[in-house]
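1. make a model of this:
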Amino acid sequence: MNTELLQKVVDHIEANPHTFIQADWTRYGKHTKHCIGGWTVLLSEQGYCLDTSPLMLGFVDPNFKTKSGEIKKQSVDAKQIAEKLLGINQKQGDILFTGSPKDDWPKPFSEQWSESFLKGNTYEDVCSLHAKVAVDFIKFLITNGVNGFSQKKVKQK
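-> A predicted model of the protein is given here:
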């Protein structure tokens, strides 16, 4: 598992919790927000970028080579790219990139995610609390490697 890239995602979310939203790969507004997978792709330094034009609207590889060798912009499946970049399989990607952490992440992270809705007074509060839970879950995975995906309940230190 690419723990170096996961640490970049952690560092970014900790420094910019207002740019994190797990429910969507990308959400546009005052601040463009991404989920764990979205930040994985964008922080990978592999040249992937976000194209907001109506015809593309999503993640693209601006250096895609056609069979004839022509370089052009090509839409990409961000989930598959993020899984490949992190060195995880599809099932692990389903867990890490889920839009429903309360259902798919191991306890206590799933419980903390749900509790965030009750603890936050505003939408921004809830987003910040969600960012903290996501960071804690990613740190857990960095420490425990791919074995962390198979645990249903986790003892936190």
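
2. just to be sure, Asp24 is in a strand?
-> No - the assignment for Asp24 (DSSP: H, G, I helix; E, B strand; the rest coil) gives coil, which keeps it out of a strand.

3. just read off the phi/psi values of it.
-> Dihedral angles of Asp24 (phi, psi; degrees, to the nearest 10) stand at phi -140, psi 150.

4. what's the pLDDT at the nearest residue to it once chain neighbours are set aside?
-> Using CB to CB, 6 or more residues apart in numbering and skipping the chain neighbours, the partner closest in space to Asp24 is Cys35 (6.5 Å). C-beta: built from backbone N, CA, C; applies to glycine. At Cys35, the model reports a pLDDT of 90.

5. quick one, what contacts Cys35?
-> Cys35 makes contact with 20-25, 97, 99, according to CB atoms under 8 Å, 6 or more residues apart in numbering.

6. need the buried ones from the residues you listed selected in PyMOL.
-> Buried residues among those (16 or more other CB atoms under 10 Å), as a PyMOL selection:
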select buried, resi 20+21+22+25+97
